[in-house]
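J.: let's see this in three dimensions:
(one chain, ligands or ions: 1)
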Amino acid sequence: MAEGSAKLNAFPVFMRVDQRRVVIIGGGEEALAKARLMAQSSAELVIVAELPEPQLAVWAAANGVHLLLEAYRPHHLDNAALVFAATGEEAADRAVVEDARARSIPANAVDRPELCDFYTPALVNRAPVAVAVGTEGAGPVLAQMIRARIDQMLSPSLGRLATMAASYREAVDQRVPKGLARRRFWKSFFTGHPARAVAVGDPSAARQAADELLDSRGFELGHVALVGAGPGAEDLITLRAQRLLMEADVIVHDALVPEAVVAMGRRDAERIAAGKRKGCHSKTQNEINALLVKLGREGKRVVRLKSGDPLVFGRAGEEMAALRDAGVPYEVVPGITAAFAAAADFGLPLTLRGVASSLVFTTGHDLKGEALPDWARLAIDGATVAVYMGRSTAAEVAGRLQNAGLSPDTAVAVVENASLSNRRLFHGTLEDLPALATRTDLTGPVLTIIGDAVAGSDFSHSEPLVTHAKAPVPARIRE
Ligand code: SAH
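T.: Got it, this is the predicted structure:
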């Protein structure tokens with residue numbers, strides 16, 4: 001109940017308008033806005049305007065909406081379910097409202113709350129599901145802000161899922177006992193395998209999952225989502241990741257995933273830190289694989305949260321193989337990988353017309369032996385190279401690339417804590433790169449980007465990697 005038991009002066013109801021006449025009087029912007037809103041329903045929309053603005057006429061024609069080019073007469077309102085007065089003039093709006101009331105038809109006068117019998121909501125439309133937000137005309141901007149937040153929370157496929165739910169209603173009522181079992185069925189239906197299959201556009205898989213759920217009376221196998229949490233900033237996470245976090249029973253997260261992202265889960269969700277920062281493994285990879293399998297077999301909805309993108313240096317391959325072998329269903333939700341966040345922080349083009357047309361994601365940890373790693377060859381051919389986990393191997397990476405023929409003055413950018421407020425940006429050249437390994441002041445994760453495209457970035461916010469260094473000279477000037 002609202003604070004201080006405040007009462008609503010306007011009570012929300014959902015009115016049946018299918019095939020019924022809804023009349024809008026007016027030919028300007030206000031009329032168009034209401035027409036757009038009502039066109040989300042299956043009402044039979046009629047707009048009455050003697051001299052409509054071209055925008056309105058074009059919209060009506062494009063949307064098959066009946067536009068009557070006549071001066072308003074009260075008979076236009078006959079048999080209407082709802083009337084909108086949108087003439088833009090107070091006296092004219094008032095007359096329309098009075099004519100509607102004389103016919104017992106509820107009326108709305110645009111931007112004149114004192115004349116309204118009803119208000120229109122800010123609408124989240126996932127037909128047949130609708131969320132209507134109202135402020136009794138007090139704050140349209142507030143209503144839109146709330147609308148936007150709810151819109152983000154609801155899957156775009158919710159409407160299709162609700163339509164499918166309606167087709168299962170009867171079977172569920174017959175076969176699943178009322179009470180706990182039925183609630184469990186619907187909860188699994190709306191958040192489990194049927195929902196996921198609908199979300200990826202596979203209706204036949206969704207039906208199969210719903211049928212299995214019906215057979216098992218709502219008990220379902222668990223599910224693991226390997227989810228990318230993005231580079232660190234909590235608003236660089238996808239809407240899908242956020243939704244899954246809110247539905248998860250268990251969140252298994254890596255050390256690099258920030259607390260604020262882990263906190264997006266339900267308050268009662270179990271949270272398990274799987275650790276893994278260099279030097280302090282709290283669980284081995286095998287233990288993590290086994291944990292995910294165990295939780296999935298217990299029927300839990302698990303989010304395995306990894307920094308950046310789960311498929312980039314995230315050991316997701318091993319986890320997916322373990323889940324596959326165990327028959328636990330899983331899905332992958334991509335995230336923004338550290339290289340993209342670092343490039344964005346620097347204003348650095350990863351590809352640059354005429355300079356760099358390929359991009360390599362690599363780590364400094366495959367430099368064993370004398371053979372040149374194949375990415376080194378790509379770098380020499382002009383690829384931009386993003387080096388993950390490259391702090392301790394900085395000297396080897398720089399040495400190998402120079403030996404292989406890459407110029408020592410090739411531009412290098414280094415970002416510590418990309419996307420976070422405590423990020424630090426450094427610039428230099430390949431020759432300066434070894435200094436990275438000895439800088440003890442860099443304690444956060446660092447990403448290194450090497451290549452001629454780096455020289456095209458903005459060095460006004462970065463510091464030199466070593467004190468004598470100048471900003472790299474753009475490749476085109478150098479040649
Ligand atoms: N899956 C992750 C990478 C995990 S490997 C992704 O797609 O980003 C861990 C390495 O990622 C770190 O050693 C570092 O090189 C890089 N990294 C992760 N987050 C970073 C950040 N915020 N800033 C800079 N580098 C980061």
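
J.: how about the host helix or strand of Ala321: buried residues?
T.: Remark: Ala321 resides in helix 316-326, with elements defined by DSSP states H and E. Taking 16 or more other CB atoms under 10 Å as the neighbour-count basis, helix 316-326 is seen to contain the buried residues 316, 319-320, 322-323, 326. The way it works is simple: take the backbone N, C-alpha and C, and place the C-beta from them, glycine included.

J.: what about that helix, near the ligand?
T.: No - Helix 316-326 is not in contact with the ligand by CB under 6 Å from any ligand atom; minimum separation 8.4 Å.

J.: how far off centre is that helix?
T.: The chain centre lies 25 Å from the centre of helix 316-326; the measure is CA atoms, centre = their mean, to the nearest Å.

J.: repeat that for stretch 5-20.
T.: Taking CA atoms, centre = their mean, the mean C-alpha location of stretch 5-20 is offset from the chain mean by 31 Å.

J.: give the other helices and strands that the helix or strand following the helix holding Ala321 contacts.
T.: Moving toward the C-terminus from helix 316-326, the first helix or strand encountered (DSSP H and E) is strand 330-333. With contacts defined as 3 or more CB pairs under 8 Å, 6 or more residues apart in numbering; DSSP states H and E, the secondary structure elements packing on strand 330-333 are strand 223-228, helix 239-247, helix 316-326.

J.: returning to that earlier point: any idea which of the buried residues of helix 316-326 is the one closest to the ligand?
T.: Looking at these and their distance to the ligand, the nearest is Ala316, at 8.4 Å (CB to the nearest ligand atom).

J.: let me see the contact set for the residue nearest to the closest one when sequence neighbours are not counted.
T.: Sequence neighbours aside, Pro310 is the residue nearest to Ala316 in space, at 4.5 Å (criterion: CB to CB, 6 or more residues apart in numbering). Taking CB atoms under 8 Å, 6 or more residues apart in numbering, we find Pro310 in contact with 226-228, 304, 316, 332-335.

J.: kindly report the residues of the stretch 151-300 of the chain close to the ligand.
T.: Residues of the stretch 151-300 of the chain found near the ligand, taking CB under 6 Å from any ligand atom as the criterion, are 231-232, 256.

J.: possible to save those as CSV with neighbour count?
T.: Output for these, formatted as CSV (neighbours: other CB atoms under 10 Å):
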residue, neighbour count
Pro231, 30
Gly232, 26
Leu256, 17
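
J.: identify the residue of the protein closest to the ligand, quick one.
T.: Closest contact between the chain and the ligand, by CB to the nearest ligand atom, is at Gly308 (1.9 Å).

J.: quick check on that residue: phi, psi?
T.: When read as degrees, to the nearest 10, the backbone of Gly308 gives phi 60, psi -130.

J.: now do the same contact list for the residue nearest to it when sequence neighbours are not counted.
T.: Of all residues not flanking Gly308 in the chain, Thr337 sits nearest, at 4.3 Å (CB to CB, 6+ apart). Contacts for Thr337 were tallied using CB under 8 Å, 6+ apart; they are 228, 231, 308-309, 312, 361.

J.: coming back round to it: burial count for the residue of the chain closest to the ligand?
T.: Using other CB atoms under 10 Å, Gly308 is surrounded by 30 other residues.

J.: residue contacts, it?
T.: 228-231, 256, 314, 335-338, 341 are the contacts of Gly308 under CB under 8 Å, 6+ apart.

J.: cool, Glu318 as well?
T.: Glu318 is in contact with 285, 289, counting by CB under 8 Å, 6+ apart.

J.: related to what we said a few turns ago, ok, the contacts of Thr337 vs Leu425, which is closest?
T.: Leu425 lies nearest to Pro231 out of the contacts of Thr337, by CB to CB, at 14.0 Å.

J.: thought that closest one was touching Ile336?
T.: Yes - here Pro231 reaches Ile336: they are 5.7 Å apart, a contact under CB atoms under 8 Å.

J.: so what sits against both of the two?
T.: Common contact partners of Pro231 and Ile336 (CB under 8 Å, 6+ apart): 308, 419.

J.: make TSV from the contacts of Thr337 and add distance to Ile237 to it.
T.: Output for the contacts of Thr337, formatted as TSV (distance: CB to CB, whole Å):
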residue	distance to Ile237
Gly228	8
Pro231	10
Gly308	11
Asp309	12
Val312	15
Phe361	20
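
J.: where exactly do the strands run in the stretch 251-400 of the chain?
T.: Shown for the stretch 251-400 of the chain, the strands assigned by DSSP state E, counting those that start in this stretch span residues 270-275, 301-306, 330-333, 359-363, 384-388.

J.: out of the ones you listed, which gets nearest to Arg160?
T.: Once the strands of the stretch 251-400 of the chain are compared by CB to CB, strand 330-333 is nearest, at 17.8 Å.

J.: could you spell out the sheet neighbours of that closest one, each with its direction?
T.: strand 223-228 (parallel) (DSSP bridges).

J.: sec struct for Ala138, please.
T.: Here Ala138 is recorded as coil under DSSP: H, G, I helix; E, B strand; the rest coil.

J.: quick one, phi psi at it?
T.: The phi/psi pair for Ala138 (degrees, to the nearest 10) is phi -80, psi -30.

J.: try Ala130
T.: Reported as degrees, to the nearest 10, the phi and psi values for Ala130 are phi -140, psi 140.

J.: what residue, apart from its backbone neighbours, is nearest it spatially?
T.: With sequence-adjacent residues excluded and distances taken as CB to CB, 6+ apart, Ala130 is closest to Leu123, at 6.4 Å.

J.: who does that neighbour form a beta bridge with?
T.: Bridge pairing for Leu123 (DSSP bridges) gives the partners Ala132.

J.: per-residue pLDDT, it?
T.: What the model reports for Leu123 is a pLDDT of 95.

J.: so how far is Arg16 from it?
T.: Going from Leu123 to Arg16 by CB to CB, to the nearest Å gives 16 Å.

J.: helices of the stretch 1-150 of the chain, start to end?
T.: Taking DSSP state H, counting those that start in this stretch as the criterion, the stretch 1-150 of the chain contains helices spanning 29-38, 54-62, 90-102, 140-153.

J.: quick one, which of these is packed in tightest?
T.: The highest average neighbour count among the helices of the stretch 1-150 of the chain, using mean count of other CB atoms under 10 Å, belongs to helix 29-38 at a mean of 19.

J.: one step back: for the residue of the chain closest to the ligand, give the beta-bridge partners.
T.: In this entry, Gly308 is beta-bridged to Gly230, by DSSP bridges.

J.: surely Ile463 touches Arg423?
T.: Rather than Ile, residue 463 is Glu. No - using CB under 8 Å, Glu463 is not in contact with Arg423; the gap is 11.9 Å.

J.: and the closest residue in space to Pro140 that isn't next to it in sequence, how far is that from Gln144?
T.: Beyond its immediate neighbours in the sequence, the residue positioned closest to Pro140 (CB to CB, 6+ apart) is Ala122, lying 7.4 Å away. As defined by CB to CB, Ala122 lies at a distance of 5 Å from Gln144.
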